[in-house]
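Peer 1: Show me the folded form of this:
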Amino acid sequence: MIKNPPNFPNDFSTLDGRWLLVYSNNLRAENNSPLALNQVFQVIDTDQNSIKNVAYGIFKVPIFGNEIEIDFCLDHTFEITSQQYPAQLEITLRETKVKNSEELYKKALLTLPAFQSFAKPGRGRFDTTFLSDKLRISRGVYGEVRLFKKMILL
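Peer 2: Next up, the predicted model:
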């Protein structure tokens with residue numbers, strides 16, 4: 001069932017689930033960057049007002065030349081700021097976790113709360129311009145476009 005244009009809160013539960021980022025116009029690999037991302041997901045739970053941006057990547061330790069597999073989780077709350085087209089959510093960062101992907105080291109290496117001084121950079125908005133049971137297109141305030149494919153229902 002296609003919900004285009006989406007209307008919140010009527011189509012809100014369609015957001016629930018684990019969404020794989022298939023395309024983004026602002027996610028470019030830099031050759032000299034110590035971080036290379038493998039996969040990026042967005043996990044949305046509308047009952048909990050929670051959006052988690054989860055990224056799996058490889059961090060190249062500059063001094064030693066070793067590579068460490070790491071997971072990032074940016075945990076956000078959200079609120080609906082526009083119910084009409086384009087349906088819009090405002091997100092606020094709660095905390096960021098960085099973990100080593102190795103099984104022995106599954107504890108968080110680093111957990112950063114969203115301090116008040118970081119609150120403004122930790123806020124954002126995105127428009128949902130297309131929403132179906134399988135695909136979602138969103139646009140950020142800086143012109144970024146993201147295409148997501150639904151992987152799992154929550």
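Peer 1: partner residues bridging T96?
Peer 2: L74, L112 (DSSP bridges).
Peer 1: host element of the residue nearest the centre of the chain?
Peer 2: Centroid-nearest residue in the chain: N53, 2.7 Å away (criterion: CA atoms, centre = their mean). Using DSSP states H and E, N53 maps to strand 50-60.
Peer 1: For that strand, buried residues please.
Peer 2: Of the residues in strand 50-60, 50-55, 57, 59 count as buried by neighbour count, 16 or more other CB atoms under 10 Å. (C-beta placed from N, C-alpha, C; glycine too.)
Peer 1: Could you spell out the sheet neighbours of that strand, each with its direction?
Peer 2: strand 35-45 (antiparallel), strand 67-82 (antiparallel).
Peer 1: Lowest-confidence entry in the buried residues of strand 50-60?
Peer 2: In terms of pLDDT, F59 ranks lowest among these, with 78.
Peer 1: wait, what's in contact with that one?
Peer 2: By CB atoms under 8 Å, 6 or more residues apart in numbering, the residues touching F59 are 34-35, 67-70.
Peer 1: Heading C-terminal from the helix or strand of the chain with the lowest mean pLDDT, find the next helix or strand.
Peer 2: The helix or strand of the chain with the lowest confidence, counting by mean pLDDT, DSSP states H and E, is strand 2-3 at a mean of 49. Following strand 2-3 in sequence order, the next helix or strand is strand 17-24 (DSSP H and E).
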